[in-house]
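**Student:** what's the 3D shape of this:
(one chain, ligands or ions: 1)
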Amino acid sequence: MKRILVLGGTAEARQLAGKLALRGEVTLSLAGRTENPVAQGVPVRVGGFGGAKGLAAYLRDHRIDLLVDATHPYAAQISVNAAEAARLAGVSAIALHRLAWERVSGDRWTLVEDAAEAAELLGDRPRKVFLALGRQELAPFEDARHHSYLIRSVDPVEPRLSVPDATYILARGPFSEANDRALLETHGIDAIVSKNSGGPATYGKIAAARELGIEVFLIRRPPLPHLPCGTSVEEVLHLADHLLAPGAEKRGE
Ligand code: NAP
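**Tutor:** Numbering: from 1, shown residues only. Here you go, the predicted model:
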């Protein structure tokens with residue numbers, strides 16, 4: 001049996017791992033950020049590896065034949081580590097890079113480098129802002145205390161943001177356009193800060209914002225290393241099948 005390590009934390013990684021489990025012995029790796037991750041359906045290991053060298057050691061120690069980076073498009077550090085670790089350990093590596101959302105007519109997008117730039121560009125006029133960001137990315141908004149914030153997260157935001165007006169909602173995607181539209185209307189939202197995550201699971205707010213004429217501050221995608229990649233579970237399976245085929249050489253050997 002070929003051994004496959006899937007770096008996960010996304011719905012696609014879960015689906016991919018399930019399908020790869022029919023082709024080899026799969027382990028799915030999670031960073032451990034979410035308190036109660038959904039069941040993954042394959043053996044899981046949790047926690048960092050200790051940088052690229054640590055991951056390379058894991059690949060060697062566990063005699064991994066194929067590394068699959070199916071992490072979120074904004075999880076850039078682990079993707080850089082994956083490419084470097086595969087090189088160090090001489091293991092084949094492929095990636096799933098979800099396509100970014102494309103701007104369509106009616107979208108009011110302002111592209112920003114990061115949350116700090118979004119916080120600044122929200123401006124001096126008090127606004128009602130939906131922060132569709134991870135818990136670790138909210139700190140810059142403490143410098144823009146005159147806005148009201150709506151914050152949706154999987155796990156509670158602890159400590160709370162040090163701002164006078166913030167409402168917290170606990171929810172796990174996928175989120176429909178209808179529900180997100182209702183959320184934006186109920187809270188009178190006039191600006192959204194979001195990543196360009198791609199995929200349908202979190203696109204509802206983007207579509208709803210377009211319909212409601214709401215401005216979206218969209219954080220640019222970070223650059224990712226160049227690995228052979230697909231944009232869907234099917235494309236990556238196809239790549240994996242090619243690399244796992246009998247006779248396929250381990251890279252670097
Ligand atoms: P990151 O900044 O790229 O990674 C920081 C460190 O976390 C890495 O150097 C690594 O530690 C560890 N790590 C990250 N992903 C890992 C994985 N799948 N397995 C084991 N260790 C991992 O990552 P992040 O942006 O914090 O994302 C963390 C996790 O959440 C990822 O699994 C990602 O797919 C998921 N996620 C992220 C976002 C997002 O917006 N960033 C959204 C949804 C889901 P060591 O250096 O010690 O190995």
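**Student:** what's near enough to touch the spatially most central residue of the chain?
**Tutor:** What sits nearest the mean C-alpha location of the chain, by CA atoms, centre = their mean, is His72, with 2.6 Å. Going by CB atoms under 8 Å, 6 or more residues apart in numbering, His72 touches 9-10, 197. Where C-beta positions appear, they are placed from N, C-alpha and C, glycine not excepted.
**Student:** Look at Gly213 and say how many residues are nearby.
**Tutor:** 9 (other CB atoms under 10 Å).
**Student:** do Arg125 as well
**Tutor:** Per other CB under 10 Å, the neighbour tally for Arg125 reads 8.
**Student:** That one: helix or strand, and which one exactly?
**Tutor:** Counting by DSSP states H and E, no helix or strand carries Arg125.
**Student:** For it, give me the pLDDT.
**Tutor:** Looking at Arg125, its pLDDT stands at 97.
**Student:** Glu253 too?
**Tutor:** In this model, Glu253 carries a pLDDT of 39.
**Student:** I'd say Arg127 and His147 touch.
**Tutor:** Yes. Look at Arg127 against His147 with CB atoms under 8 Å: they come within range, at 4.9 Å.
**Student:** For those two, indicate the residue with more neighbours.
**Tutor:** Legend: neighbour count by other CB under 10 Å for Arg127 and His147, higher for His147 (21 against 17).
**Student:** circling back to that earlier point, A strand includes the residue nearest to the centre of the chain, no?
**Tutor:** No. His72 is assigned coil when assessed by DSSP: H, G, I helix; E, B strand; the rest coil, not a strand.
**Student:** buried stuff in the longest helix seen in the chain?
**Tutor:** Longest helix in the chain, counting residues (DSSP state H): helix 76-89. By 16 or more other CB atoms under 10 Å, the buried positions in helix 76-89 come out as 78-86, 88-89.
**Student:** Stretch 205-218 now?
**Tutor:** 205-210, 214-218.
**Student:** Kindly present those as TSV, with separate columns for distance to the ligand, secondary structure and pLDDT.
**Tutor:** Formatted as TSV, the buried residues of stretch 205-218 follow (distance: CB to the nearest ligand atom, whole Å; DSSP: H, G, I helix; E, B strand; the rest coil; pLDDT from 0 to 100):
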residue	distance to the ligand	secondary structure	pLDDT
Lys205	15	helix	98
Ile206	15	helix	98
Ala207	20	helix	98
Ala208	20	helix	98
Ala209	19	helix	98
Arg210	22	helix	98
Ile214	21	coil	98
Glu215	21	strand	98
Val216	16	strand	98
Phe217	15	strand	98
Leu218	13	strand	98
